[in-house]
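Student: Return a 3D structure for these sequence lines:
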Amino acid sequence: MTHHHPDRADPATPRPFGRLLTAMVSPFSPDGALDLDGAARLAGYLVDEQDNDALVVNGTTGESPTTTDAEKERLIRAVVSAVGDRTRVVAGIGTNDTRHTIELAVAAEKAGAHGLLVVTPYYNKPPQAGLLRHFTAVADATGLPVMLYDIPGRTGTPIATETLVRLAEHDRIVAVKDAKGDLTATSWVTSRTDLAYYSGDDAMTLPLLSVGGIGLVGTSTHLTGALAKQLIEAYERGEVAAARALHQRLLPLFTGIFRTQGTILVKAAMAALGLPAGPVRPPLVDATDAELTQLRRDCADAGLDLPA
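Tutor: Predicted coordinates for the structure are as follows:
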C-alpha cells in the first residue's frame, strides 16, 4: 500500500524530511544478531514519544560499518513496515565505493525507503570532481530524494561549497546533513541554493538555524527528540530566547552523548529505559558503569530522568 505525504520526496518543499530526524541505533539480541522486532518497537518509540518526522536507519549510529548488506535491507523493511505509514524512513547507504553505494541505494528503494542519506566517501579522499561524480551517480540510480552527509571529521574530505552548489542542481539532491562545523561555508551554500540544511551535530542545531538550516538529524534525540523539535519550532516562530533556553537546557546531552562514541551511550540509555538496544558490535565496546553513571548525570543536568 502506498501512503502519500504531501511533502514526501518533493524537491520543491523546503523540508523534504520534516524538521527532526533521529539516526536510529540498530537493536541487536544478546548474541549480537539483528533484532528486527526490537527495531520496530524502537522506531515506534522515536516517532510516537520523541516526535520524529523521519528516521535514519543504517547510519553510523546504526552501526552500518558492521552490518551486512542483507541485514541493512531487512532493517529498512522492518522499520518501514512498523512506522512507514506515518513517518519517512531514510536509509544510510554511503560507502567509499561508488558501485557498492549504488547497489545499496537500489536495494533501499526496493525495501521501501523514502529517502537516502549518502556520506562522503571516506578514507580514500577523492578530489571534488570525484565527489561530484559519486553523488550524481548515486542520485541518478533511484527515484528517491537524497540527503548528502558532509562530515569531514570522519571522512577526511569536506564537500566544497562549489561542489554543493553544483550538486544542488540535481532534481533529487534535496538536503544536506551538515557536520562540517563551518557556519560560514554553510551560509554560502544556503544563500546560493535551496538545499534543506539539517544539523548533523546536535549542539549546532540552533546556530545552524540562524544561517538558514531547517532541522536536525540527531543522536541524543533518542532521549531529547521532543524537546529538540520544540527548539526548532520555537526558533521558526521567532521565539529566539525560548529556543536558546532549550538549547542551553539540552546542551549536557547534546554533547554528553558523545563523551564516548555516540552509539555506545545511546544503546546504554535505551537499555536503561527498557527499550530494545542490546550490545554493540566490535570494534565498539559497551558502556562501562562509569560511563553510564556520567550519562545519568548528563540526563539529570538536562532535566531528564534515566532510571538506574
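Student: Helix or strand for V47, just tell me which one.
Tutor: Here V47 sits within helix 36-48, counting by DSSP states H and E.
Student: and for that helix, what are the contacting residues?
Tutor: 22, 24-29, 52, 55, 57, 74-75, 78-79, 81-83, 86-87, 221-222, 225, 270, 275-278 (Cβ atoms under 8 Å, 6 or more residues apart in numbering). For the C-beta atoms, the positions are set from N, CA and C on the backbone; glycine is no exception.
Student: Buried ones from those, can you make that a ChimeraX selection?
Tutor: If you want just the buried ones from the contacts of helix 36-48 in ChimeraX, going by 16 or more other Cβ atoms under 10 Å, the selection is:
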select :22,24,25,26,27,28,52,55,57,74,75,78,79,81,82,83,87,221,222,225,270,275,276,277,278
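Student: CA atoms only for stretch 130-150 - export them in PDB, please.
Tutor: The C-alpha trace of stretch 130-150 is given here as PDB (Å, rounded to 0.1, in the frame of the first residue of the first chain):
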ATOM      1  CA  GLY A 130      35.200  12.600  -7.700                       C
ATOM      2  CA  LEU A 131      32.700  13.700  -5.100                       C
ATOM      3  CA  LEU A 132      30.600  15.300  -7.800                       C
ATOM      4  CA  ARG A 133      30.600  12.200  -9.900                       C
ATOM      5  CA  HIS A 134      29.900   9.900  -6.900                       C
ATOM      6  CA  PHE A 135      26.900  11.800  -5.500                       C
ATOM      7  CA  THR A 136      25.500  12.400  -9.000                       C
ATOM      8  CA  ALA A 137      25.800   8.700  -9.900                       C
ATOM      9  CA  VAL A 138      24.100   7.700  -6.700                       C
ATOM     10  CA  ALA A 139      21.300  10.200  -7.100                       C
ATOM     11  CA  ASP A 140      20.800   9.000 -10.700                       C
ATOM     12  CA  ALA A 141      20.400   5.400  -9.600                       C
ATOM     13  CA  THR A 142      17.000   5.600  -7.900                       C
ATOM     14  CA  GLY A 143      13.900   7.800  -7.800                       C
ATOM     15  CA  LEU A 144      14.400   8.700  -4.100                       C
ATOM     16  CA  PRO A 145      15.400  12.100  -2.700                       C
ATOM     17  CA  VAL A 146      19.000  12.300  -1.400                       C
ATOM     18  CA  MET A 147      20.500  13.900   1.700                       C
ATOM     19  CA  LEU A 148      24.200  14.400   1.400                       C
ATOM     20  CA  TYR A 149      26.200  13.900   4.600                       C
ATOM     21  CA  ASP A 150      29.100  16.300   5.000                       C
END
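Student: List the buried residues of it.
Tutor: By neighbour count on 16+ other Cβ under 10 Å, the buried set for stretch 130-150 is 131-132, 134-136, 138-139, 141-142, 144-150.
Student: mind listing which of those are in helices?
Tutor: Those of those mapping onto helices are L131, L132, H134, F135, T136, V138, A139, A141, per DSSP state H.
Student: so what's the last one scoring on pLDDT?
Tutor: So the one you mean is A141. We note a pLDDT of 98 for A141 in this prediction.
Student: which non-adjacent residue is nearest P307?
Tutor: Leaving aside its sequence neighbours, P307 sits nearest to A272 (Cβ to Cβ, 6 or more residues apart in numbering; 5.6 Å).
Student: cool, K180 as well?
Tutor: D150 is the one closest to K180 (Cβ to Cβ, 6+ apart), at 5.0 Å.
Student: and that neighbour, bridged to which residues?
Tutor: Beta bridges link D150 to D178, judged by DSSP bridges.
Student: how much space is there between it and H134?
Tutor: 13 Å (Cβ to Cβ, to the nearest Å).
Student: following whichever strand or helix holds R154, which helix or strand comes up?
Tutor: Per DSSP H and E, R154 falls inside helix 152-155. For helix 152-155, the following helix or strand on the C-terminal side (DSSP H and E) is helix 161-167.
Student: counting contacts, what elements does that next one pack onto?
Tutor: Counting contacts by 3 or more Cβ pairs under 8 Å, 6 or more residues apart in numbering; DSSP states H and E, helix 161-167 packs against helix 128-141, strand 146-150, helix 183-192.
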